[in-house]
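K.L.:
Provided below for reference: sequence and predicted model.
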Amino acid sequence: MSLIHLRKKHALGRAKARKTAEKLADSLAAEYNAKYQWHNNDLKLTAKGVQGLLHVGHDMVDIKVDLGVMLRPFKGKIESRIKAQLDDTLDKDNFSA
């Protein structure tokens, strides 16, 4: 597996950050044909060849995505796309970097 790890600070509090993270997860799930489920403050996302974990902390969102062998050549493109979606979604909801 090839790991993508992204972090972004926020000042929303955990409840609003979770709602915002859910918007991001909906977008990623639609784009990558993935399924996700909450476990406390961790959102686990799975798709063919991909496993991800989005953790919502009180002041930080942390994303880790493991790519399978077939997706490794696209790591840079996938990482850029997730980062852009993360920035777009979180900045719209007053997150600060």
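P.N.:
Cool, the structure landed.

K.L.:
quick one: low-confidence parts of the protein?
P.N.:
Applying pLDDT under 70 to the chain flags the ranges 1, 90-97.

K.L.:
if we go to 90?
P.N.:
Along the chain, segments meeting pLDDT under 90 span 1, 8-34, 48-50, 58-61, 71, 78, 81-97.

K.L.:
where do the helices sit along it?
P.N.:
For the chain, the helices defined by DSSP state H cover 14-32, 75-92.

K.L.:
which strand residues bridge the nearest residue to residue 21 once chain neighbours are set aside?
P.N.:
Of all residues not flanking residue 21 in the chain, residue 56 sits nearest, at 5.1 Å (Cβ to Cβ, 6 or more residues apart in numbering). To be clear about C-beta, it is placed using only N, CA and C from the backbone, and glycine gets the same treatment. For residue 56, the beta-bridge partners are residue 61 (DSSP bridges).

K.L.:
okay, now residue 56: neighbour count?
P.N.:
Residue 56 is flanked by 24 other residues according to other Cβ atoms under 10 Å.

K.L.:
now swap in residue 79 and tell me
P.N.:
18.

K.L.:
in contact with it, which residues are there?
P.N.:
Shown in contact with residue 79 (Cβ atoms under 8 Å, 6 or more residues apart in numbering): 4, 6, 65.

K.L.:
top of those residues by neighbour count?
P.N.:
That'd be residue 65 among those, by other Cβ under 10 Å, with 24 neighbours.

K.L.:
list the contacts of that residue.
P.N.:
3-5, 45, 50-53, 78-79, 82.

K.L.:
let's see 6 Å
P.N.:
4, 52 (Cβ atoms under 6 Å, 6 or more residues apart in numbering).

K.L.:
keeping just the C-alphas, turn stretch 26-42 into CSV.
P.N.:
The C-alpha coordinates for stretch 26-42 follow below in CSV (Å, rounded to 0.1, in the frame of the first residue of the first chain):
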residue,chain,number,x,y,z
ASP,A,26,-19.9,12.3,0.6
SER,A,27,-17.9,14.0,-2.2
LEU,A,28,-15.0,11.5,-2.0
ALA,A,29,-17.5,8.5,-1.9
ALA,A,30,-19.3,9.7,-5.0
GLU,A,31,-16.1,10.4,-6.9
TYR,A,32,-14.3,7.1,-6.0
ASN,A,33,-17.3,4.8,-5.6
ALA,A,34,-16.5,4.4,-1.9
LYS,A,35,-18.5,3.5,1.2
TYR,A,36,-17.9,5.1,4.6
GLN,A,37,-19.0,4.7,8.2
TRP,A,38,-18.4,6.7,11.4
HIS,A,39,-16.7,5.1,14.4
ASN,A,40,-16.8,7.7,17.1
ASN,A,41,-14.8,10.6,15.6
ASP,A,42,-13.2,8.4,12.9
